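Novice: Pasting the sequence and the predicted model now:
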Amino acid sequence: MRKTGLFALALTLLSSSAALAETNIRFTLGWKTQGSDAAMLLAQEKGYFAEEGLNVTIDQGEGSGATVTRIMSGTYDAGFGDINAIIQNASARPDEAPVMVYNMWSNPPFTIVSRKETGIESPDDLAGKTLGGAQGTPTTRLLPVFARSNDIDLDAIRIDNMAPNLQEPMLIRGDIDGAMVFNITSYFNLLLNRQDPDADYNWLNFGDYGLDLYSNGVMVSQAMIRDNPEAVAGLVRAINKAAVEIGLDQEAGGDAIMAYDNLVSRDMEMRRLRFAYETLIVSEETAELGIGDLDDERLARAIDIVVEGYELETTPEVSQVFTRQFLPAREERELVYEAN
């Protein structure tokens with residue numbers, strides 16, 4: 001009995017030491033539980049974080065831009081959010097802004113959505129129309145840059161400011177001709193309002209008309225990069241493993257979503273997951289560089305666009321916004337997407 005007791009005590013001490021050796025990471029999502037978060041949730045559900053010696057706590061978010069401020073406050077170490085919010089904060093508070101370490105959305109979600117009957121099929125069709133937008137959102141803030149890039153007279157467009165939750169209802173009623181939105185949000189808001197966003201609506205994606213921006217990905221605090229780079233690399237490896245896996249098996253992502261939050265609609269979030277991959281993640285650039293990476297020259301242009309749109313006083317360097325030092329090897333980031 002004595003030997004058995006000592007052996008049990010030894011196992012307990014070893015287990016305690018292993019637990020103490022784990023790195024705790026507080027991770028914030030960009031919004032409430034959504035299919036676009038599947039890579040982080042699958043990495044958690046399948047133990048990929050644990051395999052890297054990480055104890056990751058995942059909380060719901062308050063907006064992809066808020067991810068940056070949550071990390072800057074010190075409440076979170078890492079999160080899933082918008083690289084353009086990093087650019088804004090790197091301009092004003094370069095010593096505090098987080099850094100993107102794994103870019104996921106190669107295509108920007110910034111869009112003007114309109115009912116097809118309004119005839120808005122190209123930027124030229126916006127003259128004389130009324131657009132609804134929420135103040136401070138990237139799509140609304142970048143409209144002047146979009147207009148200048150496409151030789152549109154901004155004075156010929158009426159802008160109605162409104163809360164984000166009013167945009168789709170007012171669009172459906174015909175109170176506005178178009179709404180300045182995130183496509184991955186508005187598409188599903190329309191579905192929830194029993195609309196057909198494909199058959200009955202047009203989508204002017206800013207990325208197709210000169211505003212070749214990046215968007216969401218995994219970002220971490222500068223303190224975490226400085227103090228625990230091994231943990232950053234492990235975090236990226238785990239999320240990359242899950243993101244690549246979901247490309248071939250979306251149902252695995254759906255299982256992880258439901259394991260995290262069984263109150264969401266699996267059908268709706270599976271559709272959102274596929275929308276994220278097909279519309280925002282999969283691109284010619286992703287095929288060339290692999291998921292997680294980006295093109296420095298394109299990012300430099302994107303930084304200039306954001307500096308202009310937000311009238312920032314200084315222009316951040318690419319290295320202040322993104323680093324690839326934690327990315328797995330290119331062959332490990334090969335993304336093959338097969339809808340299932």
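Specialist: On my side now, so go ahead. Numbers count the residues shown, from 1 in each chain.

Novice: Tell me where the stretch 101-250 of the chain has strands.
Specialist: 110-115, 130-133, 158-161, 178-182, 201-205, 216-220 (DSSP state E, counting those that start in this stretch).

Novice: Turn those into CSV, columns for mean neighbour count and mean pLDDT.
Specialist: For glycine as for every other residue, the C-beta is placed from the backbone atoms N, C-alpha and C. Formatted as CSV, the strands of the stretch 101-250 of the chain follow (neighbours: other C-beta atoms under 10 Å; pLDDT from 0 to 100):
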stretch, mean neighbour count, mean pLDDT
strand 110-115, 24, 98
strand 130-133, 22, 97
strand 158-161, 13, 96
strand 178-182, 27, 97
strand 201-205, 20, 97
strand 216-220, 27, 97
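
Novice: how about those in CSV, adding distance to residue 256?
Specialist: Putting the strands of the stretch 101-250 of the chain into CSV (distance: least, C-beta to C-beta, whole Å) gives the following:
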stretch, distance to residue 256
strand 110-115, 27
strand 130-133, 34
strand 158-161, 38
strand 178-182, 23
strand 201-205, 28
strand 216-220, 16
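
Novice: which one of those strands lies closest to residue 24?
Specialist: Residue 24 sits nearest to strand 216-220 of all those, at 13.5 Å, using C-beta to C-beta.

Novice: And that closest one, how far out from the chain middle?
Specialist: Remark: strand 216-220 is offset 7 Å from the chain centroid, using C-alpha atoms, centre = their mean, to the nearest Å.

Novice: Same question for stretch 329-340.
Specialist: So, by C-alpha atoms, centre = their mean, the centroid of stretch 329-340 is 18 Å from its chain's centroid.

Novice: and that stretch, how far apart are its ends?
Specialist: Using C-alpha to C-alpha, to the nearest Å, the end-to-end distance of stretch 329-340 comes out at 27 Å.

Novice: Other residues contacting it?
Specialist: Residues outside stretch 329-340 that contact it (C-beta atoms under 8 Å, 6 or more residues apart in numbering) are 237, 240-241, 243-244, 247-251, 274, 277-278, 281-282, 286-287, 289-293, 327.

Novice: if we can go back for a sec, with respect to residue 140, which of the strands of the stretch 101-250 of the chain lies nearest?
Specialist: Closest among the strands of the stretch 101-250 of the chain, once you apply C-beta to C-beta, is strand 130-133, at 3.6 Å.

Novice: what are the C-alpha coordinates of the closest one, in CSV please?
Specialist: What follows is strand 130-133, C-alpha atoms only, in CSV (Å, rounded to 0.1, in the frame of the first residue of the first chain):
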residue,chain,number,x,y,z
THR,A,130,-29.3,56.7,-50.7
LEU,A,131,-26.9,54.5,-48.7
GLY,A,132,-27.3,53.5,-45.1
GLY,A,133,-24.3,53.0,-42.9
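
Novice: returning to that earlier point: what subset of the contacts of stretch 329-340 is buried?
Specialist: Those of those that meet the buried threshold are 237, 240-241, 243-244, 247, 250, 274, 277, 281-282, 286, 289-293, 327, by 16 or more other C-beta atoms under 10 Å.

Novice: Not counting sequence-adjacent ones, nearest residue to residue 132?
Specialist: Computed as C-beta to C-beta, 6 or more residues apart in numbering, the closest residue to residue 132 that is not its neighbour in sequence is residue 176, at 4.0 Å.

Novice: per-residue confidence for residue 8?
Specialist: Reported pLDDT at residue 8 in the predicted model: 48.

Novice: quick one on the thing from earlier: just the contacts of stretch 329-340: which are in helices?
Specialist: Applying DSSP state H to these, the entries found in helices are 237, 240-241, 243-244, 247-248, 250-251, 274, 286-287, 289.
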